[in-house]
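Asks: Have a look at this prediction, sequence included:
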Amino acid sequence: MGRRRAPEGPARPGLIARAEGLRESTGSWAGLLRDRRRRGVRDPELVVGDGAMGLWRALAEAFPAARHQRCRVHKARNVTNALPESAQPGATKAIQEICDVEDRKHAEKAMEAFVKTYGTRWPKAVSKITDDREERLAYYDFPAEHWIHLRTTNPIESTFSTVRLRTKVTRGAGGPAAALAMVFELVESAQARRRAITGAHLVPLVRAGARFGNVFPVEREAAA
């Protein structure tokens, strides 16, 4: 996904590539990403995804400078699934507190509180929080206006649900080429209903390398 601007109106997220692939394999992702690089796509500032390892392995090859952000919804589901049902409501609230605070400092404190509360009895669940700490909190380095777009893959998941609904109804699209064409048309149609990018005027600053502390841009640390 990437940024697109219609001839008139606000900037919205948009499709930049689609390809036939084998589920979420590294090879399928690598082919798509290498094609984007050949066509001139720069390393993204941030890539948001779930825990499927195929994407992250392929990304390390094709766009090694891109930072990673794990989807908060998928992560919360993975963590609670590793807990007994009795502990899930409290854990869900604690996970939300990690993601919904005003800055990284408070998020890290909330994460440490989660470890203290659940670490002794359920270390497996806690490891799902702590093992990819940076990938969970990367979005805090971006404008606060953008956080709503960067913390989860839900915006694109809603588009995929439209595609899945149609493919179930058609029960076959007449071959791979026809299926890709149908998916493209469905996604193009769904894009018009996507939420406009909040703080779109800040995107050039992000691409120029600015890092943000809550709201205001801060200078990058000098290279060692």
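Replies: Structure's in. What do you need?

Asks: Show me the residue at the heart of the protein, geometrically.
Replies: Val48 (2.0 Å; Cα atoms, centre = their mean).

Asks: ok, for that residue, nearest residue in space, not its chain neighbours?
Replies: Gln69 (4.6 Å; Cβ to Cβ, 6 or more residues apart in numbering). Quick note: C-beta positions are derived from backbone N, CA and C, even for glycine.

Asks: Now do the one helix or strand the one you found maps to: which elements does it pack against?
Replies: Using DSSP states H and E, Gln69 falls within strand 67-70. Here strand 67-70 touches strand 46-49, helix 133-137, going by 3 or more Cβ pairs under 8 Å, 6 or more residues apart in numbering; DSSP states H and E.

Asks: ok, which stretches of the chain are helices?
Replies: Along the chain, counting by DSSP state H, helices occupy 26-38, 53-62, 72-81, 88-99, 104-118, 123-130, 133-137, 147-150, 154-170, 176-191, 203-207.

Asks: For Arg18, which of those is the nearest?
Replies: helix 176-191 (5.9 Å; Cβ to Cβ).

Asks: pLDDT on the closest one, on average?
Replies: Across helix 176-191, pLDDT averages out at 78.

Asks: Number the chain from 13, please
Replies: With 13 as the first residue, the last one maps to helix 188-203.

Asks: Show me which residues of it are buried.
Replies: By neighbour count on 16 or more other Cβ atoms under 10 Å, the buried set for helix 188-203 is 191, 194-195, 198-199, 202-203.

Asks: Export those residues as CSV, with columns for distance to Gly33.
Replies: Shown next, in CSV, are the buried residues of helix 188-203 (distance: Cβ to Cβ, whole Å):
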residue, distance to Gly33
Ala191, 12
Met194, 16
Val195, 12
Leu198, 17
Val199, 15
Ala202, 20
Gln203, 21
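
Asks: and which of the residues you listed is nearest to Ile107?
Replies: Nearest to Ile107 among those is Ala202, at 28.6 Å by Cβ to Cβ.

Asks: for the protein, what are the low-confidence residue spans?
Replies: Within the chain, the stretches with pLDDT under 70 are 13-22, 180-186, 225-236.

Asks: how about CSV for the helices of the chain, with distance to Pro56 added?
Replies: What follows is those, written out as CSV (distance: least, Cβ to Cβ, whole Å):
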stretch, distance to Pro56
helix 38-50, 9
helix 65-74, 9
helix 84-93, 19
helix 100-111, 21
helix 116-130, 20
helix 135-142, 25
helix 145-149, 14
helix 159-162, 11
helix 166-182, 14
helix 188-203, 18
helix 215-219, 10
